[in-house]
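Student: okay, predicted coordinates and the sequence, questions at the end:
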Amino acid sequence: MHIHFIAIGGSAMHNLALALHHKGDFITGSDDEIFEPSKSRLQKADILPDSFGWFPEKITDSIDAVILGMHAKEVNPELLRAKELGLKIYSYPEYLYEHSKNKTRVVIGGSHGKTTITAMILHVMHYHQKEVDYMVGAQLDGFDTMVHLTQENDFIVLEGDEYLSSPIDRRPKFHLYKPNIALISGIAWDHINVFPTFENYVEQFQIFVDSIVKGGSINYNEEDPEVVRVVEASQNNIRKIAYHTPKFAIENGITYLETPEGSMPVEIFGEHNLNNLAGAKWICQHIGVDEDDFYEAISSFKGASKRLEKILENENFVTYKDFAHSPSKVEATTKAVKAQYPDRKLIACLELHTYSSLNPNFLKEYRGALDAADVAVVFYSPHALEIKKLEPITKEQISEAFQRENLIIFTDAKAFKEFLFAQEFKNKTILLMSSGNYGGLDFEELKNFSKKL
């Protein structure tokens, strides 16, 4: 098939383009800008656009399908030309469903934890050489792309994002997958630029549960009251299977998981990650991996990229970076890192970067989120607010929201970097939480600087 991507350079879109290219489809695409690593990866596969921009002349009757990315606008000239020609236009999730409608679809949903759970499942499958199709929202060790599609595999494992499908399809992505097997890890208000009220946000998960194929199953985190309410209220004719955080212990900075065969050391830590592990175990069992084989494989799982990722560790200190930005994830991650290294001073740094986190009305949701840290730091860029066309936020508003008297607040990237590099690293834990990069912080430079201390 000849498949054309409008906005091919996005993280998800370029991975899907690569997956279809590897499958044997003829891929073309356009974008007005493409950054690394997407640019190099597309170039290596020889499907990088010759020039950046939108070119309606690329859209011809020879194209079998168009896949439209969220980065494009409704008035995109290539999109308008595709409509004019009556071409089949898919959103990213629509195409994944079309590919997998004859497979057993496993969809992992939740406000937080879905990437990690999906990554755990894929790690276990890879360890035991069980082939599945997949789509996950982070780069994983041992996997070339974030998307893998075949004709022959029976199962497909999909990370179920609740964000919108495309500029012309305002449905959340996970509404389109119609899972046979599903999971919800947690519900905590997010994406307020799209879902302006908590009730509206929760409704999306209700629709998701009701979209599960009749006779299918839902695994759900019984420690999240909102998840329990949503799942138990559903009248859908499906199996409902609860899971909870397993017993564990921490000794000398190592987490030991209680299993039927005794205590087992694991690479991951924190109650939220072990709760994720319990959900992943159920899903793997549905796919055909028994409990003992699951534990054997999961012991070597180190996490998904940017999810509590260890940057550097020596006998004096350890530094982690994490994608955490929602209040519940920030709180869970901060508590987990402090519990893992209780005798070290924890410096927790949070960048407010998303639309939700930069909304003055949403800020109050962060109250207490950094309380487990010995030193709590918040960074945000007034320039980012201007780019996103959001209301200005003052340091006073930040301070009032977090309700922490000694909160350190930076709005200048250079000043934040100077603060970080001026720290006495000995007997410290540094936690950097953001979906951005603190206005251009070079993590490799931080790593190299830390090594010299």
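Tutor: That came through fine.

Student: how's the protein carved up into domains?
Tutor: Per automatic domain parsing, the domain ranges recorded for the chain read 2-87, 95-298, 309-451.

Student: which of those has the lowest average pLDDT?
Tutor: Between those, the one with the least mean pLDDT is domain 309-451; it has a mean of 89.

Student: mind putting the domains of the chain into a markdown table with mean neighbour count?
Tutor: Glycine gets a C-beta too; all of them are placed from N, C-alpha and C. Written out in a markdown table, the entries for the domains of the chain read as follows (neighbours: other C-beta atoms under 10 Å):
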| stretch | mean neighbour count |
| --- | --- |
| domain 2-87 | 18 |
| domain 95-298 | 19 |
| domain 309-451 | 18 |
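
Student: what's the distance between residue 405 and residue 351?
Tutor: When distances are taken as C-beta to C-beta, to the nearest Å, residue 405 and residue 351 turn out to be 21 Å apart.

Student: whoops, residue 6 was the one
Tutor: Relative to residue 351, residue 6 is positioned 30 Å away (C-beta to C-beta).

Student: would you map the helices across the stretch 251-400 of the chain?
Tutor: 271-287, 291-298, 327-340, 382-387, 395-402 (DSSP state H, counting those that start in this stretch).

Student: make CSV out of the ones you listed and add distance to residue 83.
Tutor: Shown next, in CSV, are the helices of the stretch 251-400 of the chain (distance: least, C-beta to C-beta, whole Å):
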stretch, distance to residue 83
helix 271-287, 39
helix 291-298, 47
helix 327-340, 39
helix 382-387, 30
helix 395-402, 44
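
Student: mind checking those for the one nearest to residue 232?
Tutor: Proximity to residue 232, assessed across the helices of the stretch 251-400 of the chain by C-beta to C-beta, is greatest for helix 271-287 (16.9 Å).

Student: centre of the chain to that closest one, how far?
Tutor: 16 Å (C-alpha atoms, centre = their mean, to the nearest Å).

Student: who are the packing partners of it?
Tutor: With contacts defined as 3 or more C-beta pairs under 8 Å, 6 or more residues apart in numbering; DSSP states H and E, the secondary structure elements packing on helix 271-287 are strand 104-109, helix 114-127, strand 181-184, strand 217-221, strand 239-243, strand 254-259, helix 291-298, helix 327-340.

Student: that one relative to strand 217-221, how many degrees between them?
Tutor: Relative orientation of helix 271-287 with respect to strand 217-221: 160 degrees, computed using axes from the mean of the first three to the mean of the last three C-alpha atoms, to 10 degrees.

Student: for helix 271-287, C-alpha coordinates in PDB please.
Tutor: As requested, the backbone C-alpha atoms of helix 271-287 are provided in PDB (Å, rounded to 0.1, in the frame of the first residue of the first chain):
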ATOM      1  CA  GLU A 271       4.700   1.700  45.400                       C
ATOM      2  CA  HIS A 272       3.300   3.100  42.200                       C
ATOM      3  CA  ASN A 273       5.700   1.100  40.000                       C
ATOM      4  CA  LEU A 274       5.100  -2.100  42.000                       C
ATOM      5  CA  ASN A 275       1.300  -1.500  41.600                       C
ATOM      6  CA  ASN A 276       2.000  -1.200  37.900                       C
ATOM      7  CA  LEU A 277       3.900  -4.500  38.000                       C
ATOM      8  CA  ALA A 278       0.800  -6.200  39.600                       C
ATOM      9  CA  GLY A 279      -1.300  -5.000  36.700                       C
ATOM     10  CA  ALA A 280       1.200  -6.100  34.100                       C
ATOM     11  CA  LYS A 281       1.300  -9.600  35.700                       C
ATOM     12  CA  TRP A 282      -2.400 -10.000  35.100                       C
ATOM     13  CA  ILE A 283      -2.200  -8.900  31.500                       C
ATOM     14  CA  CYS A 284       0.800 -11.200  30.800                       C
ATOM     15  CA  GLN A 285      -1.200 -14.100  32.300                       C
ATOM     16  CA  HIS A 286      -4.100 -13.300  29.900                       C
ATOM     17  CA  ILE A 287      -1.600 -13.500  27.000                       C
END
